[in-house]
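In: sequence and predicted structure are below.
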Amino acid sequence: MTNELNPGLIVILGALLVPFLPGRVLRGAFMLMIPIAAFAYLRTLPMGDFGQMELMGLQLQTLRIDKLSTVFGTIFLIATLLGVIYALHLGDWVQHTAGLIYAGSAIGAVFAGDFVTLFFFWELTAISSVFLIWASGTANALSAGLRYLVIQVGSGVILLAGVLMHYRATGTLTFGAMSTETLPGTLILIAFGIKCAFPLLHNWLANAYPAATVTGTVILSVFTTKLAVYTLARGYAGTEILIPIGVTMALFTVIYALLENDLRRVLAYSLIGQLGLMVAGIGIGSDLAINGAVAHAACGILYFALLFMAIGAVLHRTGTAHASKLGGLAKSMPLTATFAVIGALAAAAVPFFAGFISKALILSAAMKAGHFWAWAGLLAAGAAVVIHTAIKVPYFAFFAKAQGEPGTEAPANMLLAMGLTAALCIGLGVYPEALYSMLPREVKYQPYTTEHIITQLQLVCFAALAFVLALRFGLFPATTRATLLDSDWFYRVPGRHLAMIANRFRSFTWEVVADGIVKGASKTYHALYHHHGPDGLFGRTWPTGMMAFWTTVTLGAVVILSYL
Amino acid sequence: MSAMTFLNAVEPHLPILLIIVPLFGALMATFMRSGTVAWFISLVVSVLVALIAWKLLNTILSTGTPIIYKIGNWEAPIGIVYKVDQLSGFVLLVIAAIAAVMMPFARRSIAAEIKQRAQPWYYAMYLLCLAGLMGIVITGDAFNAFVFLEISSLATYVLIALGRHRRALLAAYQYLIMGTIGATLYVIGIGLLYVLTGTLNFDDIASRLGPALADPERRNAVMAALGFAFVGVSLKLALFPMHVWLPNAYTYAPSVATAFLAGTATKAAIYLLIRLLFTVFGVSISIETLPVPQVLIVLSIAAMFLASFSAVFENNAKRMLAYSSIAQVGYIMLGVGLACLPVLAATTDASPATTPNNGMTAGLVHIANHAIMKAALFLALGAVYYRIGSVLYKDIAGIGRTMPLTMLAFGIAGLGLMGTPGTAGFISKWYLALGAIDTGWYSIVFLIVASSLISLIYIGRITEVVWFREPSAAAAQAKEAPLSMLVPLWILALLTIYLGLDTRATVDVAAEAAKVLVGGIR
Amino acid sequence: MSADQQGHHIETPPDKGTGATASGASNANRIVYGLSAICALLVVADLFVHKHGYFKIEHVLGFYAFFGFLACTVLVLAAKLIRAILMRPEDYYDK
Amino acid sequence: MQALETLATHYNYFITIVLMISGLFIVIARGNLIKKLVGLSLFQTSVYLLYLTPAKILGGTAPIYNPAYKVYSNPLPHVLMLTAIVVGVATIALGLALVVRIKEAYGTIEEDEIFSKDPDSE
């Protein structure tokens, strides 16, 4: 039995102990031990299916170790460790616990062998992570958190509906390759797609990540979307529809990332763009493409975590992450600036940095499979990443003319976390075999050929040139504080009107009937009151009478329906 | 006489003891001067009742045949019988266990919320209510059920009126009017059945309804009887739109009374409705041809949405939970409604009589699960009320920092209410969705999904208030709840998780009961 | 919209020619020239690389350079145009 | 003619229905808490009549266990209604007690005035 515990559960159980530990030092040391212990345990596990369990008469496999789950589990555990280090300065146990439960549930989901276990952890990621958003304590965080929660749990319940139907149809709960031909398959794909920020389903990410706490955003950026990438890679490898979806994700986010002022939002959109690359890779479905998607997920986790950490440090020190209020911080925060540049170079896929070795796989796969337009689109998006992420983010934060107060260098634990992450970004870039050897499919790939290096450098440098020229000739769109319309408009604006109408409706039935007991009822109540006049039947019906009246109506309705 | 022979002598009389013990306890409690002594009596009685209920259910499950207790040794159609089968045994245990678990909590809470003089009365009424609820569930006689319904209701009105706020009086008055109308409608329905069949015994009515239905003239009367009884009981169980007495009653009753009523009172009424629909009408009428399932499903779904919606906008935590209770009753009744519909042949390979009906299983499981979760939630609020004297959002803001254990238990139960996997609520929802899929109503699956998202919002909202808002003046001063409150609270919270992981205690029994109930029809 | 938020439309970049970097115009010019030089070198390097591309267009001299530059320019200009449609006051959703 | 005959033979039922409807109407339409209770009482009374009507047999006697009496009324409904009357009395008594307390607390027993005295939703 000890051999069959899901490593995610170790992290979760550890997280549950965190609140009870006295003192920051002891607590910090314990938190550092959690991912390390889980990793050590993971190393002892052989490949195979374990953790058979019966629940409600269903056979569950709570633990599945194979190459795909191991590579994601490993990178998740590394990211957990980095996130813990980055957050060590915090005294708030709620955030620590929530963050670790969140990380643990994402890890648990990766190792889940069946849909019910997956669903369990899937929902747990949603519920635990919302605390990281709420913990920032602003009014915006509350509403963004609630929207995030509803969408995330919504994805879970759609998954559940799909799973139930799948179970009815096939009698199995094992999570394996799925088909989009059937309704359950489509539902499950939609559920995964929500977490993976498919176009039009994406804006929970762009809204929630910038609303979370400094440390929360770093943790958030790692797990949810990459978990979705994992599930897609397992369930929907080679599903053609994913290619256009991925390319769309990669391209449309460019616009938003270019225009956004809040640097954490820029990174959020950029993150969606990179997810597009992975989704397209999964859609292509060849061994090379799947390896590329997985590798890119691993590298993306690292360099986005690094960028979010750097911008988080800026936010922590200056109180803002808005491009229009920052600048010139390279002098006061030199180390943070250096790490941000390393993250930027990795994001731009400059040779010898992490992004290069993974992106090349996907583009080569697209090329080999002959998907010309997908290849061109991803290439263009890759060039644009250079501008909106690799240059814009460090430039406005650290090198542009100072618009706000200078900060001071980030706390030591943050610097340590950034330093380690930066080292990994470079390390993987220099020695890709460390990652390649873990990838799920057996394909040999050599990223470092002269051709690759030269062409990629051309792409990066000319993109940079385009940026410099655009900036110089005033063509680069100004970054101002503003709201950019996104697909969330569809539920935020009409949704608000709907809510108001619904609220009216509630007033109509409730206030009159029940809340009407409470004087000072809504305008509707008064309108109704006056409309029917004090002498009419309704005018004289006070709530008790109204209750009795509705009962009578129901009675009449039931009896009449019986005779129909 | 040794203990063993005493137990053996008592055992055949356990069903009647289930009623007599709390009745007698109530009588004793009224004569007590001190609230603490009355509390102790109630504690002993509640635990005793729970043990008896547990013993009865175990006997049923091991033998598989119902226990029939003839009062005064009169045979069934003439005398009143108490009948304990899988269904009633299950509901009896749920009610008795909830009542027993919250007794340790009651002493401090009641001492703080009710005047010294009235405390013994509170316990007397509480035990009377318990006796009434047990009676509703255990009796096999339709009119006897009415009497017990009224006993429990009358006691409930008093319990509510004991609340601190003067609006409690009005809430009790309104509930009295509505409750009486409901009971009267039920008794009219029963009266019509009596006229038609000449008997009041549930099983006997069921066996004699067939001929009455064959006669077209009498058929109308049967329909009317069903309509009256259905609406009357629905009022007691707060089915939308007859739920309007509930929010105020729950809001202004003393904290413990709210937790008790939310956990048990509506459940007994739900039991009665299931009994009527499936045992009395179900066997001789094919229910699908009547409008009742459709009406049930539509009203349940309306409750799931409209009540949840009200809960979202609520700023009083108790009232929010009251609205949520209405929505949760919707879930239970939706399961019951789905159980009335025919199961699609393609989805089941075994014969319907041997496969448990998923919709009914969901409804019955949720009776237990909801009772546990709601009792935990209301108890947590009771502990908060004990400390700061308010459950308004503005006053409980940030209370998670000063009462973390209480609010953690609240959070766990809240997760259950949302149907989070790993909690009891998920089990209910799983079977409910399966039930909907069984009958081919896929759209209902999505409605269940959508309404659980609304419950996510109201639980999310209070979670945010409690954990992340700046503490209010009162909340900052609060201390963690005393142990006598935390223990019952955490028992219920841990049960919420336990029953989400090990479903033998709930689902297996419920499925057994569902098989007996629904299997008998088809 | 508060006065505080209104004051922030003066952001980067300033008008052409005045230099957008922290170190002024000459520094900016140096960066442009330096970058251009590197770019030119990279295109020249293209001549000496044997390409294995799968699409014909890849074999065009300096294709990646040209493509990167064009893609970025088009996307930046597109963003500038779309900005007019998408941009709303910061408190748009709170109204 | 036939309608008249129905009326004559079933007048008990019609009285039941009239009592039931008027009772319910008073509960619905009157704002005075005591009047509502009166309505409730009427509503319950209709049930007594509903049960007793089929139990009474014309020319029947009380059910005395003696061969001399061949035709007797069914005793069960009468007994049931005794119980129901007790329940009804208890309900009305409790209701009236509540009204007394409401009068003490609010100074009025008109429902609309009570609502206006507790204006807050708290």
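Out: On my side now, so go ahead. Residues are numbered from 1 along each chain as shown, chains lettered A, B, ... in the order given.
In: chain D: helices as residue ranges?
Out: D:2-9, D:11-29, D:33-55, D:75-106, D:111-117 (DSSP state H).
In: packing partners for the first one?
Out: The helices and strands touching helix D:2-9, judged by 3 or more Cβ pairs under 8 Å, 6 or more residues apart in numbering or on different chains; DSSP states H and E, number zero. Using the backbone N, CA and C atoms, a C-beta is placed for each residue, glycine as well.
In: so where do the helices sit in the stretch 1-150 of chain B?
Out: Under the criterion DSSP state H, counting those that start in this stretch, the stretch 1-150 of chain B contains helices at B:3-10, B:14-30, B:35-63, B:86-101, B:103-113, B:119-138, B:142-161.
In: just send those back as CSV, with mean pLDDT too.
Out: What follows is the helices of the stretch 1-150 of chain B, written out as CSV (pLDDT from 0 to 100):
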stretch, mean pLDDT
helix B:3-10, 80
helix B:14-30, 92
helix B:35-63, 92
helix B:86-101, 93
helix B:103-113, 92
helix B:119-138, 94
helix B:142-161, 94
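In: tell me which of the helices of chain D sits most buried.
Out: helix D:33-55 (a mean of 21; mean count of other Cβ atoms under 10 Å in any protein chain shown).
In: any chance of the helices of chain D in JSON lines with mean pLDDT and distance to residue B:448 as columns?
Out: Below are those laid out as JSON lines (pLDDT from 0 to 100; distance: least, Cβ to Cβ, whole Å):
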{"stretch": "helix D:2-9", "mean pLDDT": "80", "distance to residue B:448": "49"}
{"stretch": "helix D:11-29", "mean pLDDT": "88", "distance to residue B:448": "35"}
{"stretch": "helix D:33-55", "mean pLDDT": "90", "distance to residue B:448": "38"}
{"stretch": "helix D:75-106", "mean pLDDT": "92", "distance to residue B:448": "38"}
{"stretch": "helix D:111-117", "mean pLDDT": "81", "distance to residue B:448": "36"}
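In: output those as TSV; include the columns distance to residue A:116.
Out: What follows is the helices of chain D, written out as TSV (distance: least, Cβ to Cβ, whole Å):
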stretch	distance to residue A:116
helix D:2-9	63
helix D:11-29	51
helix D:33-55	51
helix D:75-106	50
helix D:111-117	50
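In: so which of those helices comes closest to residue A:266?
Out: Distance to residue A:266, taken as Cβ to Cβ, is lowest for helix D:111-117 among the helices of chain D, at 54.5 Å.
In: which strands and helices sit next to the closest one?
Out: helix A:543-563, helix D:75-106.
In: just how off-centre is it within its chain?
Out: 27 Å (Cα atoms, centre = their mean, to the nearest Å).
In: can I get it in CSV, CA atoms only?
Out: Extracted C-alpha coordinates of helix D:111-117, given in CSV (Å, rounded to 0.1, in the frame of the first residue of the first chain):
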residue,chain,number,x,y,z
GLU,D,111,-49.6,42.0,9.4
ASP,D,112,-48.8,45.0,7.2
GLU,D,113,-48.1,47.1,10.3
ILE,D,114,-45.8,44.5,11.7
PHE,D,115,-43.8,44.5,8.5
SER,D,116,-43.4,48.2,8.6
LYS,D,117,-42.0,47.9,12.1
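In: nearest to chain A, of the helices of the stretch 1-150 of chain B?
Out: Closest approach to chain A among these is made by helix B:142-161 (13.5 Å; Cβ to the nearest Cβ).
In: downstream of that closest one, the next helix or strand is which one?
Out: Next along the chain after helix B:142-161, taking DSSP states H and E as the criterion, comes helix B:167-197.
In: what's the angle from that next one to helix B:142-161?
Out: Using axes from the mean of the first three to the mean of the last three Cα atoms, to 10 degrees, one finds that helix B:167-197 and helix B:142-161 are set 180 degrees apart in direction.
In: what's the angle from helix B:167-197 to helix D:33-55?
Out: Going by the same axes, to 10 degrees, helix B:167-197 makes 10 degrees with helix D:33-55.
In: other SSEs contacting helix B:167-197?
Out: Partner elements for helix B:167-197 (3+ Cβ pairs under 8 Å, 6+ apart): helix A:543-563, helix B:142-161, helix B:202-214, helix B:216-236, helix B:246-252, helix D:11-29, helix D:33-55, helix D:75-106.
In: what separates the shortest one from the chain centre, distance-wise?
Out: Chain-centre distance of helix B:246-252: 16 Å, with Cα atoms, centre = their mean.
In: next one: the second one
Out: Between the mean C-alpha point of helix B:142-161 and the mean C-alpha point of its chain there is a distance of 14 Å (Cα atoms, centre = their mean).
In: how far off helix B:119-138 does it point, in degrees?
Out: Going by the same axes, to 10 degrees, helix B:142-161 makes 150 degrees with helix B:119-138.
In: close to chain D, is helix B:142-161?
Out: Yes - against chain D, helix B:142-161 shows contacts by Cβ under 8 Å from any Cβ of the partner chain at B:143, B:146, B:147, B:150, B:154, B:157, B:158, B:161.
In: what's the ChimeraX line that selects buried ones from these?
Out: In ChimeraX syntax, the buried subset of the residues of helix B:142-161 next to chain D is picked out as below (16 or more other Cβ atoms under 10 Å in any protein chain shown):
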select /B:143,146,147,150,154,157,158,161
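In: which residue ranges of chain C form helices?
Out: Going by DSSP H, chain C shows helices at C:3-6, C:25-46, C:63-86.
In: could I get the CA-only coordinates of the longest one as PDB?
Out: Okay, so that is helix C:63-86. Taking C-alpha atoms only, helix C:63-86 is exported to PDB below (Å, rounded to 0.1, in the frame of the first residue of the first chain):
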ATOM      1  CA  PHE C  63      13.800  33.800 -45.500                       C
ATOM      2  CA  TYR C  64      13.700  33.600 -41.700                       C
ATOM      3  CA  ALA C  65      15.100  37.100 -41.300                       C
ATOM      4  CA  PHE C  66      12.600  38.500 -43.800                       C
ATOM      5  CA  PHE C  67       9.700  36.500 -42.300                       C
ATOM      6  CA  GLY C  68      10.500  37.500 -38.700                       C
ATOM      7  CA  PHE C  69      10.700  41.200 -39.700                       C
ATOM      8  CA  LEU C  70       7.600  41.100 -41.800                       C
ATOM      9  CA  ALA C  71       5.500  39.100 -39.300                       C
ATOM     10  CA  CYS C  72       6.400  41.500 -36.500                       C
ATOM     11  CA  THR C  73       5.800  44.600 -38.500                       C
ATOM     12  CA  VAL C  74       2.400  43.300 -39.600                       C
ATOM     13  CA  LEU C  75       1.400  42.200 -36.200                       C
ATOM     14  CA  VAL C  76       2.500  45.400 -34.500                       C
ATOM     15  CA  LEU C  77       0.600  47.500 -37.100                       C
ATOM     16  CA  ALA C  78      -2.400  45.200 -36.700                       C
ATOM     17  CA  ALA C  79      -2.300  45.700 -33.000                       C
ATOM     18  CA  LYS C  80      -2.200  49.400 -33.400                       C
ATOM     19  CA  LEU C  81      -5.300  49.300 -35.600                       C
ATOM     20  CA  ILE C  82      -7.200  46.900 -33.400                       C
ATOM     21  CA  ARG C  83      -6.300  48.900 -30.400                       C
ATOM     22  CA  ALA C  84      -8.800  51.500 -31.500                       C
ATOM     23  CA  ILE C  85     -11.500  48.900 -31.400                       C
ATOM     24  CA  LEU C  86     -10.600  47.100 -28.200                       C
END
